[in-house]
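**Q** got a sequence here, can you build the structure:
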Amino acid sequence: MTHVLIGYARCSTDKQDLAAQRHALFQLGVATDRIYTDKGFTGTNRARPGLDQALAAVRSGDTLVVPKLDRLARSVPDARAIGDALAERGVRLQLGASVHDPSDPMGKLFFNILATFAEFEADLIRLRTREGMAMARAKGKLRGKKPKLSDRQQKELRRMYDTGDYAISDLAELFSVSRPTVYRTLERQSTMPAVVAT
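**A** Numbers count the residues shown, from 1 in each chain. Presented below is the predicted three-dimensional model:
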């Protein structure tokens with residue numbers, strides 16, 4: 001009975017490229033037609049069709065090969081669950097060039113350490129992204145959507161609406177904006193404090 005190598009590669013966004021991971025798996029001896037992939041699925045999202053196909057393809061005695069553990073799972077419990085499920089089915093798990101042996105206490109410890117680091121690294125990336133966005137927001141680089149009308153136009157639209165002579169559709173046509181924009185402008189103007197002329 002021949003034992004086969006089944007490969008799995010994943011990238012979180014559609015903009016990332018799987019070519020490097022495919023090449024790494026090919027270098028590790030996985031046939032190109034036995035590589036399953038997920039593109040645009042995060043590691044925290046357990047609903048990954050490519051991974052499900054790879055797990056369904058492996059049989060007892062086979063080896064599931066992934067370039068790095070963080071491609072397989074992003075949380076320690078998820079990595080452990082996948083590792084344990086493979087071990088129960090007699091499937092080996094290969095991370096890069098090293099084969100994980102769940103029956104070996106040192107191998108099990110090493111696997112858990114790897115999973116912990118992968119999760120820690122993902123948390124750090126998320127934290128850095130949040131911090132970066134907060135700094136950009138503080139510097140005024142990340143703003144909400146800019147209003148389609150200038151302050152003067154918004155005030156004029158509100159004034160015209162308040163006269164009762166203009167319908168929403170009339171104002172939308174006059175200011176060359178959509179009806180939702182007119183509603184938003186009116187709402188924005190009604191929440192602003194009135195400026196008292198001195």
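**Q** C-alpha only now, for contacts and for neighbours.
**A** OK.
**Q** name the helices or strands packed onto the lengthiest strand in the chain?
**A** Across the chain, the strand with the greatest residue count (assigned by DSSP state E) is strand 5-11. With contacts taken as 3 or more Cα pairs under 8 Å, 6 or more residues apart in numbering; DSSP states H and E, strand 5-11 sits against helix 19-27, strand 35-39, helix 49-57, strand 63-66, helix 69-72.
**Q** now the ones you listed as a markdown table including mean pLDDT and mean neighbour count?
**A** Below are these laid out as a markdown table (pLDDT from 0 to 100; neighbours: other Cα atoms under 10 Å):
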| stretch | mean pLDDT | mean neighbour count |
| --- | --- | --- |
| helix 19-27 | 90 | 16 |
| strand 35-39 | 90 | 20 |
| helix 49-57 | 92 | 16 |
| strand 63-66 | 93 | 25 |
| helix 69-72 | 81 | 22 |
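**Q** can you check which of those gets nearest to Tyr161?
**A** Evaluated over the helices and strands packed on strand 5-11, closeness to Tyr161 peaks at strand 35-39, with 49.5 Å, by Cα to Cα.
**Q** the closest one to helix 49-57, inter-axis angle?
**A** Angle, strand 35-39 to helix 49-57, by axes from the mean of the first three to the mean of the last three Cα atoms, to 10 degrees: 160 degrees.
**Q** elements contacting strand 35-39?
**A** strand 5-11, helix 49-57.
**Q** can you give the contact residues for it?
**A** 6-14, 18, 22, 25, 48-51, 53-54 (Cα atoms under 8 Å, 6 or more residues apart in numbering).
**Q** ok, now with 6 Å
**A** Under the criterion Cα atoms under 6 Å, 6 or more residues apart in numbering, residues Gly7, Tyr8, Ala9, Arg10, Cys11, Asp14, Gly50, Ala54 lie in contact with strand 35-39.
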